[in-house]
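Visitor: Test case, fold it:
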Amino acid sequence: MLLILFVSSSFVVAMTTGHLCLISPPQRGSMLGLNTAGSPDCLLTKAECGGRLPVHEPPMGLEAGSNFTVTFQKNLDHWVKSSPGQFVVSIGNQEMGADPTNFSTVAKIPDVGPPAEPSLHLYSLNITLPKSDSSKPQHHVLQVQYVTKNPKAPPIFYQCADFIVHSAPPHKKLSSVHHSHWRVKGQHPLWKSIASNQIPQNQHL
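Guide: Okay, the predicted model is just below:
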(Lines give C-alpha, C1' and ligand atoms only; values in the text may rest on other atoms or scores of the structure.)
Protein backbone atom coordinates (compact mmCIF):
# COMPACT_ATOMS: atom_id res chain seq x y z
CA MET A 1 0.00 0.00 0.00
CA LEU A 2 1.25 3.49 -0.85
CA LEU A 3 1.16 6.25 1.76
CA ILE A 4 1.30 10.01 1.29
CA LEU A 5 3.50 11.65 3.89
CA PHE A 6 4.34 15.16 2.72
CA VAL A 7 2.94 17.71 0.30
CA SER A 8 4.42 21.05 -0.65
CA SER A 9 4.25 23.49 -3.54
CA SER A 10 5.96 26.53 -5.03
CA PHE A 11 5.74 28.68 -8.16
CA VAL A 12 8.12 30.37 -10.53
CA VAL A 13 6.27 32.97 -12.63
CA ALA A 14 2.67 34.13 -12.41
CA MET A 15 0.61 33.78 -15.59
CA THR A 16 -2.92 34.95 -16.36
CA THR A 17 -4.14 31.66 -17.77
CA GLY A 18 -2.97 22.60 -18.30
CA HIS A 19 -0.11 21.42 -19.47
CA LEU A 20 1.78 19.09 -17.14
CA CYS A 21 5.43 18.07 -16.74
CA LEU A 22 6.94 15.51 -14.35
CA ILE A 23 10.35 16.55 -13.03
CA SER A 24 11.30 13.97 -10.40
CA PRO A 25 11.40 11.16 -11.24
CA PRO A 26 12.23 12.41 -14.77
CA GLN A 27 9.39 11.98 -17.24
CA ARG A 28 9.58 9.79 -20.32
CA GLY A 29 11.07 11.49 -23.35
CA SER A 30 12.43 15.02 -23.38
CA MET A 31 11.71 17.82 -20.93
CA LEU A 32 12.35 21.05 -22.84
CA GLY A 33 10.94 24.52 -22.29
CA LEU A 34 9.93 24.09 -18.66
CA ASN A 35 10.36 27.80 -17.96
CA THR A 36 7.84 28.61 -20.72
CA ALA A 37 4.11 28.13 -20.17
CA GLY A 38 2.63 25.87 -22.85
CA SER A 39 5.74 23.78 -23.54
CA PRO A 40 5.05 21.02 -26.15
CA ASP A 41 6.78 18.45 -23.89
CA CYS A 42 4.10 19.13 -21.28
CA LEU A 43 1.20 18.74 -23.75
CA LEU A 44 0.44 15.00 -23.62
CA THR A 45 -3.25 14.06 -23.71
CA LYS A 46 -3.25 10.40 -24.78
CA ALA A 47 -3.93 7.70 -22.19
CA GLU A 48 -2.00 6.09 -20.71
CA CYS A 49 1.24 8.01 -20.08
CA GLY A 50 0.59 10.50 -22.86
CA GLY A 51 1.35 7.86 -25.49
CA ARG A 52 5.06 7.76 -24.64
CA LEU A 53 6.53 4.25 -24.49
CA PRO A 54 8.24 2.89 -21.37
CA VAL A 55 11.98 3.19 -20.95
CA HIS A 56 13.69 -0.17 -21.52
CA GLU A 57 16.31 0.52 -18.86
CA PRO A 58 14.93 2.98 -16.26
CA PRO A 59 17.54 5.54 -15.17
CA MET A 60 16.56 5.43 -11.50
CA GLY A 61 16.63 2.67 -8.88
CA LEU A 62 14.76 3.01 -5.58
CA GLU A 63 14.52 0.82 -2.51
CA ALA A 64 11.21 -0.91 -1.75
CA GLY A 65 9.46 0.65 1.23
CA SER A 66 11.61 3.80 1.12
CA ASN A 67 10.46 7.42 0.98
CA PHE A 68 10.75 9.40 -2.25
CA THR A 69 9.83 12.96 -3.21
CA VAL A 70 7.80 13.40 -6.41
CA THR A 71 7.94 16.82 -8.09
CA PHE A 72 5.75 17.93 -11.00
CA GLN A 73 4.78 21.19 -12.69
CA LYS A 74 1.51 22.71 -13.82
CA ASN A 75 3.10 24.09 -16.97
CA LEU A 76 -0.08 25.87 -18.12
CA ASP A 77 -3.06 26.62 -15.90
CA HIS A 78 -6.57 25.49 -16.93
CA TRP A 79 -8.37 26.20 -13.65
CA VAL A 80 -11.99 27.34 -13.72
CA LYS A 81 -13.86 28.51 -10.63
CA SER A 82 -17.08 26.65 -11.45
CA SER A 83 -15.40 23.23 -11.69
CA PRO A 84 -11.83 23.19 -10.35
CA GLY A 85 -9.73 20.23 -11.42
CA GLN A 86 -7.17 18.10 -9.65
CA PHE A 87 -3.88 16.25 -10.01
CA VAL A 88 -3.90 12.47 -9.62
CA VAL A 89 -0.66 10.64 -8.80
CA SER A 90 -0.56 6.86 -9.20
CA ILE A 91 1.96 4.06 -9.42
CA GLY A 92 1.92 0.70 -11.23
CA ASN A 93 4.06 -2.27 -12.16
CA GLN A 94 5.19 -2.03 -15.79
CA GLU A 95 5.68 -5.79 -15.96
CA MET A 96 1.89 -6.14 -15.55
CA GLY A 97 1.26 -3.91 -18.57
CA ALA A 98 -0.04 -0.36 -19.07
CA ASP A 99 -3.68 -1.16 -18.26
CA PRO A 100 -5.10 1.63 -16.03
CA THR A 101 -6.34 -1.00 -13.56
CA ASN A 102 -2.71 -1.81 -12.76
CA PHE A 103 -2.20 1.69 -11.29
CA SER A 104 -2.88 2.41 -7.62
CA THR A 105 -3.71 6.00 -6.66
CA VAL A 106 -1.13 7.65 -4.43
CA ALA A 107 -2.64 11.12 -4.08
CA LYS A 108 -5.29 13.51 -5.35
CA ILE A 109 -4.28 17.16 -5.09
CA PRO A 110 -6.89 19.87 -5.81
CA ASP A 111 -6.02 22.54 -8.38
CA VAL A 112 -6.45 25.83 -6.52
CA GLY A 113 -5.67 28.02 -9.54
CA PRO A 114 -4.17 31.53 -9.67
CA PRO A 115 -2.99 33.58 -7.96
CA ALA A 116 -1.89 30.88 -5.50
CA GLU A 117 -1.15 28.25 -8.14
CA PRO A 118 -0.63 29.83 -11.59
CA SER A 119 1.11 28.41 -14.64
CA LEU A 120 4.63 27.08 -13.91
CA HIS A 121 3.59 26.19 -10.35
CA LEU A 122 5.54 23.32 -8.76
CA TYR A 123 4.02 20.60 -6.59
CA SER A 124 6.03 18.26 -4.40
CA LEU A 125 4.86 15.28 -2.36
CA ASN A 126 6.63 12.57 -0.44
CA ILE A 127 5.45 8.99 -0.96
CA THR A 128 6.39 5.63 0.52
CA LEU A 129 7.19 3.11 -2.20
CA PRO A 130 5.50 -0.30 -2.06
CA LYS A 131 7.26 -3.16 -0.34
CA SER A 132 8.42 -6.02 -2.53
CA ASP A 133 8.24 -9.78 -1.91
CA SER A 134 10.44 -10.46 -4.93
CA SER A 135 14.21 -10.74 -4.80
CA LYS A 136 14.36 -9.47 -8.38
CA PRO A 137 14.22 -5.76 -9.28
CA GLN A 138 10.77 -4.67 -10.46
CA HIS A 139 10.05 -2.11 -13.22
CA HIS A 140 7.52 0.40 -11.89
CA VAL A 141 5.80 3.42 -13.44
CA LEU A 142 4.71 6.61 -11.71
CA GLN A 143 1.96 8.51 -13.51
CA VAL A 144 0.68 12.04 -12.90
CA GLN A 145 -2.58 13.26 -14.43
CA TYR A 146 -3.85 16.82 -14.60
CA VAL A 147 -7.64 16.41 -14.62
CA THR A 148 -8.75 19.88 -15.72
CA LYS A 149 -12.57 19.66 -15.52
CA ASN A 150 -12.48 22.59 -17.93
CA PRO A 151 -14.90 22.23 -20.91
CA LYS A 152 -12.63 24.43 -23.03
CA ALA A 153 -9.48 22.37 -22.38
CA PRO A 154 -8.44 18.73 -22.86
CA PRO A 155 -9.94 16.65 -20.04
CA ILE A 156 -6.67 15.08 -18.89
CA PHE A 157 -2.94 15.69 -19.35
CA TYR A 158 -0.53 12.81 -18.68
CA GLN A 159 3.10 12.24 -17.71
CA CYS A 160 4.87 9.03 -16.69
CA ALA A 161 8.27 8.10 -15.32
CA ASP A 162 9.98 4.71 -15.17
CA PHE A 163 12.05 3.45 -12.25
CA ILE A 164 13.31 0.21 -10.72
CA VAL A 165 12.27 -0.93 -7.25
CA HIS A 166 14.63 -3.36 -5.53
CA SER A 167 14.18 -5.23 -2.25
CA ALA A 168 15.23 -3.56 0.98
CA PRO A 169 18.02 -5.13 3.06
CA PRO A 170 16.65 -7.32 5.90
CA HIS A 171 15.98 -5.76 9.32
CA LYS A 172 16.29 -2.21 7.97
CA LYS A 173 14.16 0.29 9.83
CA LEU A 174 12.65 3.29 8.07
CA SER A 175 12.72 6.67 9.78
CA SER A 176 9.42 8.45 10.36
CA VAL A 177 8.38 11.51 8.35
CA HIS A 178 6.00 14.09 9.79
CA HIS A 179 3.25 15.92 7.93
CA SER A 180 4.11 19.45 6.89
CA HIS A 181 3.08 22.01 4.29
CA TRP A 182 4.87 25.10 3.03
CA ARG A 183 5.24 27.38 0.02
CA VAL A 184 8.26 29.13 -1.43
CA LYS A 185 8.02 32.14 -3.72
CA GLY A 186 10.65 32.95 -6.33
CA GLN A 187 12.96 30.90 -8.50
CA HIS A 188 14.18 27.71 -6.89
CA PRO A 189 17.74 26.34 -7.53
CA LEU A 190 16.02 23.33 -9.12
CA TRP A 191 15.38 25.39 -12.26
CA LYS A 192 19.07 26.17 -12.66
CA SER A 193 19.71 22.43 -12.70
CA ILE A 194 16.94 21.90 -15.25
CA ALA A 195 18.36 24.60 -17.51
CA SER A 196 21.73 22.80 -17.49
CA ASN A 197 20.03 19.42 -18.09
CA GLN A 198 21.07 18.21 -14.65
CA ILE A 199 17.79 17.08 -13.13
CA PRO A 200 18.22 16.44 -9.39
CA GLN A 201 16.61 13.38 -7.87
CA ASN A 202 14.69 13.18 -4.59
CA GLN A 203 15.05 16.94 -3.92
CA HIS A 204 12.78 18.76 -1.47
CA LEU A 205 11.63 22.19 -2.54
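Visitor: now the strands for the chain?
Guide: 3-11, 19-24, 61-63, 67-76, 86-93, 103-110, 121-128, 138-147, 156-166, 183-185 (DSSP state E).
Visitor: Show me the one of those that comes nearest G51.
Guide: strand 156-166 (8.0 Å; CB to CB). All C-beta spots, glycine's among them, are computed from the backbone N, C-alpha and C.
Visitor: ok, back up a step: Serialize the strands of the chain to TSV and add fields for distance to C42, mean pLDDT and mean neighbour count.
Guide: TSV is the format used below for the strands of the chain (distance: least, CB to CB, whole Å; pLDDT from 0 to 100; neighbours: other CB atoms under 10 Å):
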stretch	distance to C42	mean pLDDT	mean neighbour count
strand 3-11	15	42	18
strand 19-24	4	96	26
strand 61-63	24	92	16
strand 67-76	4	96	24
strand 86-93	13	94	19
strand 103-110	17	93	16
strand 121-128	12	95	21
strand 138-147	9	94	24
strand 156-166	7	94	23
strand 183-185	21	35	12
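Visitor: beta partners for the residue nearest to Q145 when sequence neighbours are not counted?
Guide: Distance criterion CB to CB, 6 or more residues apart in numbering; nearest residue to Q145, sequence neighbours excluded, is V88 at 4.4 Å. Taking DSSP bridges as the rule, V88 bridges to K108, Q145.
Visitor: residues in contact with V88?
Guide: By CB atoms under 8 Å, 6 or more residues apart in numbering, the contact set of V88 is T105, A107, K108, V144, Q145, V147.
Visitor: one more time with 10 Å, if that's ok
Guide: With CB atoms under 10 Å, 6 or more residues apart in numbering as the criterion, the residues that contact V88 are F103, T105, V106, A107, K108, I109, Q143, V144, Q145, Y146, V147, I156.
Visitor: How about M60?
Guide: 24-26, 68, 140, 142, 161-165, 201-202.
Visitor: Number of residues surrounding A116?
Guide: 12 (other CB atoms under 10 Å).
Visitor: For A161, see how far away it is.
Guide: 26 Å (CB to CB, to the nearest Å).
Visitor: what do you get for T36?
Guide: Distance, T36 to A161, by CB to CB: 21 Å.
Visitor: repeat for G92
Guide: For G92, the distance to A161 - CB to CB - is 12 Å.
Visitor: Mind listing the shared neighbours of these two?
Guide: Common neighbours of G92 and A161 (CB under 10 Å, 6+ apart) are C49, H140, V141, L142, Q143.
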